[in-house]
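Novice: Predicted model, plus sequence, below.
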Amino acid sequence: MDRQTLRERLMATFLGELEEHVHTLTRDLLAIEQTPAQIPDRLASLFRSAHSLKGAARSVNLQPIETVCHHLESLLGAARDGKRRLDPDAVQRLFAAARALEDASARLHAGTPLTPGPLQDVLTQLAGGDAASDRQGESSSSRPRTPVQVSPAGAPAIVASPRDSAVRVPAETLDNLLSSSGELLVARRRTAAEHGEVAALHEQLRQSRGGWQRLAQPLKKLARTHGELLPRRAVAAIERTDAELKALERRFEQLTGRLQTSQRALDHAAASLEDQIRRARLLPFSEACEGLVLTLRDLTRAGGTPVDLVIEGGDTQLDRFVVASIRAPLLQLVRNAVAHGVETPLERQAAGKPPRGTVTVTATLRGDAVEITVLDDGRGLALDTIRALAREHGLAEPESDSQAVALIFRPGFSTADRLTEVSGRGVGLDIVRHQVESLQGHVEILAPATGGLQVVMQVPLTLTTVRALLVKAGGQTFALPVAAIRRVARVTAAAFVSAGGRDMLLTNDAPLPAASLVDLLGIDAPQPHDVRLPVVVMGAGRAQAAIVVQELLAEEEVLVKNLGPRLKRVAHVSGATILPSGQVALILNAPEVVQSALATSASVRLASADASRPVSPRRRLVLADDSVTTRTLERTILEAAGYEVLAAVDGAQAWELLQSAGADLVVADVEMPRMDGFALCEAIRASPHFRELPVVLVTALESESDRRRGLDAGADAYLPKSSFDQQLLLDAVSRLL
């Protein structure tokens, strides 16, 4: 890609970002003017917008806009630090700046010069405000606060021309298409569940006809041998009913077959449509990094420290919204690496390092999420300086290095020794954390053994659908993102200990802080009395917590619905989804749940089992499934019902477990490596030792021919996954035992 093409792309991206920040500035200023009590919160938002827009303007070399944003920071910084009052005159200057930036956006879109115009006029007003701030205590700024003269020609507007092979589609259209695709996903699931109900009715009819035949056969025989005992009308009614039931079963079989064919066609078409829409929204991670090269070049030239930028994983595909949202955090982290991390060439040579520094930006797929790291080979964090600044700001003394590191995410906390355009205002890492958390992700800082500093951000690949584990707590259904789940288990009260005033779950690795989901969400629910309770171990970065829930339901891909502006800030909730049953389930924000669990000291409220209750001997089951998630879920369900479960990754291992340990029943998937469920069932029926052993097949193969093949192989029950729930499995196991 040549430099001109790069500039065109950057300018097109900047225009969208400029519009967004102008909207945010106007919204926050109106809130300040109408509700003075909101000033502290709105100031933080204004800081983020001005600071992010300044960096973006620098990337495309729009110096007038960059200068306006710098003066905005100075005025807002004085107000934030209590060095000046945000009086009506200052608010009017801020409004004038927002209007000037809006005018600049329109001029850039139209390709007309920025000056003369409102942007040039507002610079004089803002520079005067900066001078007042300087007199009140900001004399340490390295940038002169005099009015800036703007070239009459202004900055040229560069608009990317469309490519011949591409068609421009409004982002809103893509969003609407994906939303409709998600609705189609819900409809497909509902249809699949209804198809399962039809299949169950068909099976019930087949069994009823079998019962009728067992009753009718003796009557027919009696009619043939002793016709005088049965009226001719009764014999005709028996034959007519038999024929009607046979015809009804045949029609049900045909209907089931047609439904299955239609379901397959619908699934194929819908899956293809959904895949194409997703692909249309995908952009390579490298597009989020396009502005870093020019930014780093400008910063190194201004600071005199040569730094090389290395981008790895640039081909990783992300949703366009995630790509757009991650640009500002990446830009800020690279700027921080130059301002705070990478030493001067002389300092690096004295430390035995190459004279040129290196900043490495990497994107790596982690399941349904992408892990983005920004690593520099500089001096790392000055923890002593951070602790000293904490004392200076009147904050509690950090008890550990991790607590000290967490302080740098606070607004207004900066280790820079002087104020420059690159650093010193204390809003950089606050921007990073705020933006990543708004994407339902998390960010943490690591100190590599090789030196320097590593910032790790984990964000979802897309915000429209998510793979989730459905659980119950307090009688309500919630969705937990699978990407944040480390493992699930069933535990007793003996697995919990009290340490440091809170409950801890004992594990093979280390005790984990534990909390009940009903307590975290503030749900009024009775104290559980289960002998064993399900626990979901969730993680956000290196932090983990054990969350006690009422029940594990299923794992599904769910459509994420926005809660709207009124419910946007509900604690622990990031969205909602509609289940195939029509029920609404809230999607929980995993990082918030983990952080709340770490902060709470409430008991998980596990009740002891009734010692007087008789305990039946545990029946042993062998469970075979090659999916670790399905295997864990089914194992948890069966163990919660009091069964001892031996788990196997395929049919061959299940057969080995049967030979060595024996079992009272086998639950198996059909499609597995080495030995599938059909072959396992046939091997069991051919064995003189296990031929009477009950076998339950739980599978996604749901055609009538597959069901018949399973029953012909000797399966006692055949449960389709599309209509699967834990009660169906437990009922089948209980009936066969």
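Specialist: That came through fine. Residues are numbered from 1 along each chain as shown.
Novice: Every contact and neighbour count from this point should use C-alpha atoms.
Specialist: OK.
Novice: Need the contact partners of the strand or helix carrying Thr632.
Specialist: If you go by DSSP states H and E, Thr632 is part of helix 628-640. With C-alpha atoms under 8 Å, 6 or more residues apart in numbering as the test, helix 628-640 has contacts from 488-490, 532-534, 552, 554-555, 623-625, 644-645, 647, 649, 726, 730.
Novice: give me that answer again for 6 Å
Specialist: Asp625 (C-alpha atoms under 6 Å, 6 or more residues apart in numbering).
Novice: Given the following helix or strand past it, what are its sheet partners and their directions?
Specialist: The C-terminal neighbour of helix 628-640 among helices and strands, as given by DSSP H and E, is strand 644-648. As defined by DSSP bridges, the strand partners of strand 644-648 come to strand 620-624 (parallel).
Novice: so the strand it pairs with versus helix 628-640, what angle?
Specialist: With axes from the mean of the first three to the mean of the last three C-alpha atoms, to 10 degrees as the basis, strand 620-624 and helix 628-640 are set at 170 degrees to each other.
Novice: Report the mean confidence score over strand 620-624.
Specialist: Across strand 620-624, the average pLDDT comes to 92.
Novice: Below-threshold pLDDT in the stretch 301-450 of the chain: ranges please.
Specialist: For the stretch 301-450 of the chain, the stretches with pLDDT under 70 are 301-304, 396, 399-401, 411-428.
Novice: In it, what residue spans correspond to strands?
Specialist: 307-312, 317-319, 357-366, 369-376, 442-446 (DSSP state E, counting those that start in this stretch).
Novice: then stretch 460-478 to CSV, C-alphas only?
Specialist: C-alpha atoms of stretch 460-478 as CSV (Å, rounded to 0.1, in the frame of the first residue of the first chain):
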residue,chain,number,x,y,z
PRO,A,460,-14.7,-10.3,21.6
LEU,A,461,-14.5,-11.0,17.9
THR,A,462,-18.0,-9.7,17.5
LEU,A,463,-20.6,-8.0,19.7
THR,A,464,-23.7,-9.3,17.9
THR,A,465,-23.6,-13.0,18.9
VAL,A,466,-21.9,-14.8,21.7
ARG,A,467,-21.4,-18.4,22.7
ALA,A,468,-22.9,-18.6,26.2
LEU,A,469,-23.6,-21.1,29.0
LEU,A,470,-27.2,-20.7,30.2
VAL,A,471,-27.6,-21.0,34.0
LYS,A,472,-30.3,-20.4,36.5
ALA,A,473,-30.0,-18.3,39.7
GLY,A,474,-32.9,-17.4,41.9
GLY,A,475,-35.3,-19.0,39.4
GLN,A,476,-34.1,-16.7,36.6
THR,A,477,-32.1,-17.7,33.5
PHE,A,478,-28.8,-15.9,32.7
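Novice: can you list the residues that contact it?
Specialist: Under the contact criterion C-alpha under 6 Å, 6+ apart, stretch 460-478 has outside partners 318-319, 369, 479-482, 518, 525, 549-560, 585-587.
Novice: Of those, select the buried ones using a PyMOL command.
Specialist: Remark: buried members of the contacts of stretch 460-478, expressed as a PyMOL selection using 16 or more other C-alpha atoms under 10 Å:
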select buried, resi 318+319+369+479+480+481+482+518+549+550+551+552+553+554+555+556+557+558+559+560+585+586+587
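Novice: if we can go back for a sec, now the helix holding Thr632, how far from the chain's geometric center?
Specialist: 23 Å (C-alpha atoms, centre = their mean, to the nearest Å).
Novice: quick one: buried residues of that helix?
Specialist: Residues of helix 628-640 classed as buried: Thr629, Arg631, Thr632, Leu633, Glu634, Arg635, Thr636, Ile637, Leu638, Glu639, Ala640 (neighbour count, 16+ other C-alpha under 10 Å).
Novice: thinking again about what came up before, can you tell me which of the contacts of stretch 460-478 end up in strands?
Specialist: Counted as lying in strands by DSSP state E, out of the contacts of stretch 460-478, are 318-319, 369, 479-481, 551-559, 585-587.
Novice: How is this protein partitioned into domains?
Specialist: The record assigns the chain these domain ranges, following automatic domain parsing: 1-162, 171-281, 464-599, 620-736.
Novice: for these, which one sits closest to Thr344?
Specialist: For the domains of the chain, the distance to Thr344 is smallest for domain 1-162, at 18.8 Å, taking C-alpha to C-alpha.
Novice: tell me the average confidence for the closest one?
Specialist: For domain 1-162, the mean per-residue pLDDT is 70.
Novice: right, and out of the buried residues of helix 628-640, which lies closest to Gly117?
Specialist: Nearest member of the buried residues of helix 628-640 to Gly117, counting by C-alpha to C-alpha, is Thr629, at 61.3 Å.
Novice: Now do the contacts for the closest residue to Ala654 other than its chain neighbours.
Specialist: Leaving aside its sequence neighbours, Ala654 sits nearest to Ala648 (C-alpha to C-alpha, 6 or more residues apart in numbering; 5.2 Å). Ala648 is in contact with Leu623, Ala624, Ala654, counting by C-alpha under 6 Å, 6+ apart.
Novice: thinking the first one is in contact with Leu665, fair?
Specialist: It refers to Leu623. No - look at Leu623 against Leu665 with C-alpha atoms under 6 Å: they stay out of range, at 8.8 Å.
Novice: who has more neighbours, these two?
Specialist: More crowded of Leu623 and Leu665, by other C-alpha atoms under 10 Å: Leu623, with 26 against 21.
Novice: beta partners for the more buried one?
Specialist: In beta-bridge terms (that is, DSSP bridges), Leu623 pairs with Ala647, Val667.
Novice: That one and Glu555, how far apart?
Specialist: Distance, Leu623 to Glu555, by C-alpha to C-alpha, to the nearest Å: 18 Å.
Novice: Same question for Arg691.
Specialist: Computed as C-alpha to C-alpha, the Arg691 to Glu555 distance reads 33 Å.
Novice: and what of Pro118?
Specialist: Distance of Pro118 to Glu555, computed by C-alpha to C-alpha: 56 Å.
Novice: Ok, Arg93 next?
Specialist: 53 Å.
Novice: From the chain's centroid, how far away is stretch 65-79?
Specialist: 35 Å.
Novice: Just give the closest residue to Gln263, not the sequence neighbours.
Specialist: Nearest to Gln263 is Ala192, by C-alpha to C-alpha, 6+ apart, at 7.1 Å.
Novice: tell me the centre residue of this structure?
Specialist: Geometric centre of the chain, nearest residue: Pro460, 4.7 Å, by C-alpha atoms, centre = their mean.
Novice: Run the angle between the longest helix seen in the chain and strand 551-559 for me.
Specialist: In the chain, taking DSSP state H as the definition, the longest helix is helix 171-225. Using the same axes, to 10 degrees, the inter-axis angle of helix 171-225 relative to strand 551-559 is 130 degrees.
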